[in-house]
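Asker: predicted structure and sequence below. I'll ask about it afterward.
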Amino acid sequence: MIDPTIRWFAAALLMAAAGANAGPERTADDLARDARDHTSEVVSFIGVKPGMVVVDMFAGSGYYSELMGNIVGPTGKVYLYNNGGYAGFAAKPLAARVESGRMQNVVVLTKEVPDIDIPPDSVDLVFMSMSYHDLYFEDEGFSVDPKVFFAELNAMLKKGGTLAIIDHVAAPNTGSSAAQDLHRIDVAFAQKDIESRGFKLVGSLDVLRNTTDDHTKLVFDDAVRGKTDRFIHKYVKQ
């Protein structure tokens, strides 16, 4: 087992590159994820900076929200947004993170998509980690209309603002179909869809690509969980 002090110090060095304060009080699970998910490279690539207003969309337990809150600082703000479905799924770990008092410059927001109500033209960056595919997932009690979602997103984002996406890769030419049973999305479909909503792809990062991933497996399958093939795209609002 790695000494917790050594693990914290390694995470602190990773986050320092992006301006974040890892903090010795962060959980062992978060610190392990920092290394596994190349988090410092991700936040650097998507361009989180002091003073920014960021929406961590469908943020779940707020892992990225906490880190981005440390980066944007007291002159910035991070909205940790969940709808009812995400809030219910992540209720226990999110409550633990909030109650820890570690999160700085973060506003927890739980509303349904038509009523997010973030001020128009006020957001510099919208970030979606493993959640874009859920726009095409439907279950009892969970359904998001992509058209309505992107209308909300376009309203809140400044012109020239960034939309950053991380998601699980589906087999080519599967469109949005894998979202329902596998929680994956076809990369080409994602780009075409997002660009049709008023955005332009300006960059990608390959640190989470994994050529050994079986794209036909559910992302929660023990054989691939935590090590799926994931794409990272950065778009700009036109």
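Answerer: Good, I have the coordinates.

Asker: so residue 192, which of the three states?
Answerer: Of the three states, residue 192 takes helix under DSSP: H, G, I helix; E, B strand; the rest coil.

Asker: how close does it sit to residue 201?
Answerer: Distance, residue 192 to residue 201, by Cβ to Cβ, to the nearest Å: 10 Å. Bear in mind the C-beta positions are built from the backbone N, C-alpha and C, glycine included.

Asker: between those two, which is the more surrounded one?
Answerer: residue 201 (16 against 12; other Cβ atoms under 10 Å).

Asker: find the helix or strand that the more buried one is a member of.
Answerer: Using DSSP states H and E, residue 201 sits in strand 199-205.

Asker: need the contact partners of the helix or strand just after that strand.
Answerer: Next along the chain after strand 199-205, taking DSSP H and E as the criterion, comes strand 230-237. Applying Cβ atoms under 8 Å, 6 or more residues apart in numbering, the contact partners of strand 230-237 are 42, 45-47, 130, 154, 157-169, 187, 190-191, 194-195, 198-210.

Asker: pull out the buried residues from the longest strand seen in the chain.
Answerer: Looking across the chain with DSSP state E, the single longest strand is strand 157-168. Within strand 157-168, the residues that count as buried by 16 or more other Cβ atoms under 10 Å are 157, 161, 162, 163, 164, 165, 166, 167, 168.

Asker: and the gap between the first one and residue 108?
Answerer: Taking Cβ to Cβ as the criterion, residue 157 is separated from residue 108 by 20 Å.

Asker: number of residues surrounding residue 187?
Answerer: Residues lying near residue 187 (other Cβ under 10 Å) number 18.

Asker: that one is in contact with residue 171, isn't it?
Answerer: No: if you go by Cβ atoms under 8 Å, residue 187 and residue 171 don't touch, sitting 10.1 Å apart.

Asker: next helix or strand past whichever strand or helix holds residue 35?
Answerer: In this structure, residue 35 sits in helix 28-36 according to DSSP H and E. Remark: after helix 28-36, the chain's next helix or strand is helix 39-46, criterion DSSP H and E.
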